[in-house]
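> please work out how this folds:
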Amino acid sequence: MWLYADIKTLGDIPRHYARTTPQQTALVDGAGQVSYSRLDKLTNQIARAVIGEAIPLKSHIGYLGKNSSRYFEALFGVNKAGCALAPLNWRLAAPELALVIADAQCPLVFADIEFEANIKTVQALCTHPFRIVLLDPTRQASTEFDAWVAAQTSSDPHIEVEPWQTALLIYTSGTTGKPKGVQLSHQGLSYMRLCEHLEPALQWQEGDVMMLVMPNFHLVGSGLSVQCLYNGHTLSILPMLDAGQLLKVIARDRPNICALVPTAIQMLLDHPDAKNADFSSLRLVMYAGSPISSRLLQRALVEMGCQFMQFYGATESSGAITLLRPEQHVLDDEAKLKSCGTPLPLIDIKVVDSTGNEVPNGGVGELLVRSPSLFTGYWNQPEATAAALKDGWYRTGDAGRKDEAGLFYLVDRVKDMIVSGGENVYSAEVEQVLLKHPKVKLCAVIGLPDEKWGEKVVAVIVPADGHTATPEEIIAHCRTLIAGYKLPKMVAFAESLPMTATGKVLKRTVREQFLSESAA
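Numbering: from 1, shown residues only. The predicted structure is shown next:
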């Protein structure tokens, strides 16, 4: 059933290819290339260094840094030590990072020297003590990480890892604003690889190179990268999304597959160097975060000359749930382009009403997913886990529908999540920060359409009695507490907000009022 019977955990990936294709390039970034043989030895050394710190098995080891080969060395090394890696969002403010690290109870955090000042601020704020090991992904500076690893032998420690043990702990904010650690197990990730292996649209070819652009703290970044490495191919790594740098790496590494959000595709094609770029190596561009417009798709098909495939997934699903496959991208059918497609093999979806009963085709309800790759739960949050997992089904919190052809469509986000430039922003989290300002009495945060970002974060504020505020001071306040991408791009003031009888803000009404005013 499995593609490789001896790959049962993430640590088995470099082990397998160190035996079968040792000289094959596994990772390539601005610092150079790392073969599978070298990756296996480096990850053994990292594992031994972690073990040498007397860190308990199944601990969560943090990683704060942009994409690099070092991240994947840490990922496999930590797993070989019987622990899990918790990639941290380097865009978060220090108070936010302190909350996540404390929740994960990380005894150790690997940190890029670029973030040295920030992680030390986090360490001072955090209620949970942890050790920092600084590293340099460019490999130019000599760091504690290098000495720490070099002191270890490269022989495999052979730590036994349980199949359902957590391999990755990825944090996602809930609708309450409290971060939730999604526990992704080795077994669940293996089942995700099986679903992909059985999917005709996800076939690999000899010599394939996949390009990583999306951040490692998102499942799109880590999950698709693991998929590439599980299949024994080469991962070309960009530190972060930069259209100009992306074009240079396409020229340097000649990738065949990459994953982007539609906003990134737009930015790439709009870059002045794009008109002279050679996209001929690309076979497939996978995109997620939002549907693609027929206008952008038409332009991308002409200028990039490759196939496009949309995927819809969740951190909790360990990967893609549905695919809108290349052959389903019909340019003259705008409605179909708004679909997120149909499930992968072994994955089931149903649309249910508020009582849990399935709704007929065309009806809108919550999307429930059943998959062998589902997460094992939210770390240390049994009530949230019980609410999300019901009788083997994961409640996505996304409202959608299914048409007569079996295609699924997302029509709203039950969790009030805003997708801005491919980043998930939870309105409740931003609202909690706004309410800390002394001049804010009530507020509502909504997402409004934006040509560049897909959606923009908009804050509507009722000032405290006798006070007035400016958008600038509100945004400045938020900047000290939350990441830049979560900041309101627009701040409006109102005398009151529409409410339900139980005192909840009617966000749909607020959104509709803005949309009607902009259309007038």
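> ok, now which ones touch the residue nearest to Q23 when sequence neighbours are not counted?
Distances taken as Cβ to Cβ, 6 or more residues apart in numbering place S35 nearest to Q23, at 5.5 Å, with adjacent residues excluded. All C-beta atoms are positioned from the backbone trio N, CA, C, and that covers glycine. By Cβ atoms under 8 Å, 6 or more residues apart in numbering, S35 lies in contact with 22-26.
> for S35, give me phi and psi.
Note on S35: its backbone torsions stand at phi -80, psi 170 [degrees, to the nearest 10].
> dihedrals phi and psi, L198?
Dihedral angles for L198 - degrees, to the nearest 10 - are phi -80, psi 0.
> what about it, how many residues close to it?
A count of neighbours around L198, defined by other Cβ atoms under 10 Å, yields 13.
> likewise for R193?
22.
> distance from whichever strand or helix holds it to the middle of the chain?
R193 is part of helix 186-197 when elements are defined by DSSP states H and E. Distance of helix 186-197 from the chain centroid (Cα atoms, centre = their mean, to the nearest Å) equals 17 Å.
> which helices and strands does that helix pack with?
strand 166-173, helix 219-230, strand 319-324 (3 or more Cβ pairs under 8 Å, 6 or more residues apart in numbering; DSSP states H and E).
> what mean pLDDT does the helix or strand following the longest one get?
Toward the C-terminal end, the helix or strand that comes next after helix 219-230 (DSSP H and E) is strand 234-237. When pLDDT is averaged over strand 234-237, the result is 98.
> strand 234-237 packs against which elements?
Looks like strand 234-237 contacts strand 25-29, strand 209-212, helix 219-230, helix 243-253 (3+ Cβ pairs under 8 Å, 6+ apart).
> can you redo these as CSV with mean pLDDT?
Output for the helices and strands packed on strand 234-237, formatted as CSV (pLDDT from 0 to 100):
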stretch, mean pLDDT
strand 25-29, 98
strand 209-212, 97
helix 219-230, 95
helix 243-253, 96
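> give me every residue that touches the residue most central in space within the chain.
Most central in the chain under Cα atoms, centre = their mean is H218, positioned 1.8 Å from the mean C-alpha point. H218 makes contact with 170, 315, according to Cβ under 8 Å, 6+ apart.
> give the buried residues for stretch 294-303.
294, 296-297, 300 (16 or more other Cβ atoms under 10 Å).
> low-confidence ranges in this structure?
1-2, 173-177, 290, 412-416, 500-504, 518-520 (pLDDT under 70).
> could you chop it up by domain?
Per the record, the chain has its domains at 12-313, 417-519, by automatic domain parsing.
> which of the buried residues of stretch 294-303 lies closest to D332?
For these, the residue nearest D332 by Cβ to Cβ is S294; the value is 8.0 Å.
> what separation is there between the residue lying closest to that closest one once chain neighbours are set aside and P291?
Closest residue to S294 apart from its sequence neighbours, by Cβ to Cβ, 6+ apart: E334 at 5.1 Å. Remark: distance between E334 and P291 (Cβ to Cβ, to the nearest Å) = 10 Å.
> ok, now L448?
17 Å.
> between these two, tell me which one has more neighbours.
Taking other Cβ under 10 Å, L448 and P291 do not tie; P291 has more neighbours (22 against 16).
> now do the contacts for the more buried one.
262, 310, 337-340.
> save those as a markdown table, and put in secondary structure, neighbour count and distance to I61 too.
Shown next, in a markdown table, are those (DSSP: H, G, I helix; E, B strand; the rest coil; neighbours: other Cβ atoms under 10 Å; distance: Cβ to Cβ, whole Å):
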| residue | secondary structure | neighbour count | distance to I61 |
| --- | --- | --- | --- |
| P262 | helix | 22 | 34 |
| Q310 | strand | 27 | 33 |
| L337 | helix | 20 | 41 |
| K338 | coil | 18 | 40 |
| S339 | coil | 24 | 39 |
| C340 | coil | 25 | 34 |
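> before we move on, back to that, okay, the helix holding R193 in PDB with CA atoms only?
In PDB, the C-alpha atoms belonging to helix 186-197 read as follows (Å, rounded to 0.1, in the frame of the first residue of the first chain):
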ATOM      1  CA  HIS A 186       4.000  10.800  11.600                       C
ATOM      2  CA  GLN A 187       1.200   8.300  10.800                       C
ATOM      3  CA  GLY A 188      -1.200  11.100   9.700                       C
ATOM      4  CA  LEU A 189       1.500  12.600   7.400                       C
ATOM      5  CA  SER A 190       2.200   9.100   6.000                       C
ATOM      6  CA  TYR A 191      -1.500   8.700   5.200                       C
ATOM      7  CA  MET A 192      -1.400  12.100   3.500                       C
ATOM      8  CA  ARG A 193       1.400  10.800   1.300                       C
ATOM      9  CA  LEU A 194      -0.800   7.800   0.500                       C
ATOM     10  CA  CYS A 195      -3.700  10.000  -0.600                       C
ATOM     11  CA  GLU A 196      -1.300  11.900  -2.800                       C
ATOM     12  CA  HIS A 197       0.200   8.700  -4.300                       C
END
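> what does that helix contact?
Outside helix 186-197, the residues that reach it (Cβ under 8 Å, 6+ apart) are 1-3, 7-10, 79, 161-165, 167-168, 202, 223, 226-227, 230, 317-320, 344-347, 371-376.
> try stretch 492-510
416, 427, 442-444, 446, 458-463, 469, 514.
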